[in-house]
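Asks: below are the sequence and a predicted model for it; my questions follow.
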Amino acid sequence: MIRPLVILPDPVLRQVSKPVERVDDALRLLADDMLETMYDAPGIGLAAIQIGVPLRLLVIDLAKDDQPKAPHVVINPQIVAHGDEPSVYEEGCLSIPDYYAEVERPATVTVAYLDRDGKERTLQADGLMATCLQHEIDHLNGVLFIDHISKLKRDMVVRKFRKLARDKPAPSRLAV
Ligand code: GNR
Ligand code: NI
């Protein structure tokens, strides 16, 4: 099931997500909804908080349109190591539609996590995978990629999205 995305400046995006306590069928259904929502958007990653669920769960698929799907379900991730080299990527976020900015992060990370079977795994990532993992893990801590750019640019983006939310409130906001 495709779920509605939480968009800036919704304060839900600033929540710190809680660890997943058990990897069961309900959690796998949630992960499947996240993948469906991410593919539909389309995006290459999605954190649970972006559909309003404050759990330490994220999905990633970097496969291009002409490649077979390569879904990763990443539960309770911890960055256990990162390289010294920085890398700069132009990032975007499904919760901040149509805004892109360069962000510098460690070029390589090692992440320990549970997979969709609850099995402990470790992933060494570089390139876009390293950037995407760090972007998603930031979401679990209530951090957005605009927190890594200048305050001037960030304030401009937040103001623009505040105005958009005022002019055209989301249906869920109209209801309350
Ligand atoms: O779809 C996405 N693309 C992207 C591009 C560069 C760096 C990070 C990302 S993640 C983003 C989807 C998203 O908002 N995940 O939280
Ligand atoms: Ni994002």
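Replies: Received the coordinates, thanks. Numbering: from 1, shown residues only. Ligands and ions are numbered 1, 2, ... in the order given.

Asks: every contact and neighbour count from this point should use C-alpha atoms.
Replies: Will do.

Asks: where does this protein have low pLDDT?
Replies: The model of the chain has pLDDT under 70 over residues 171-176.

Asks: near ligand 1, anything from stretch 48-68?
Replies: No: Stretch 48-68 lies apart from ligand 1 when judged by Cα under 6 Å from any ligand atom; the minimum separation is 7.2 Å.

Asks: who touches that stretch?
Replies: Outside stretch 48-68, the residues that touch it by Cα atoms under 8 Å, 6 or more residues apart in numbering are 3-7, 12-13, 15-20, 31, 34-35, 44-47, 69-77, 95, 129, 132-133, 136-137, 139-140.

Asks: residue numbers of the protein in contact with ligand 1?
Replies: Residues of the chain lying near ligand 1 by Cα under 6 Å from any ligand atom: 43-47, 90-95, 131-132, 135-136.

Asks: of the contacts of stretch 48-68, just the buried ones, PyMOL syntax please.
Replies: The buried subset of these, as determined by 16 or more other Cα atoms under 10 Å, is captured in PyMOL by this line:
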select buried, resi 5+6+7+12+13+15+16+17+31+34+35+44+45+46+47+72+73+74+75+76+77+95+129+132+133+136+137+139+140
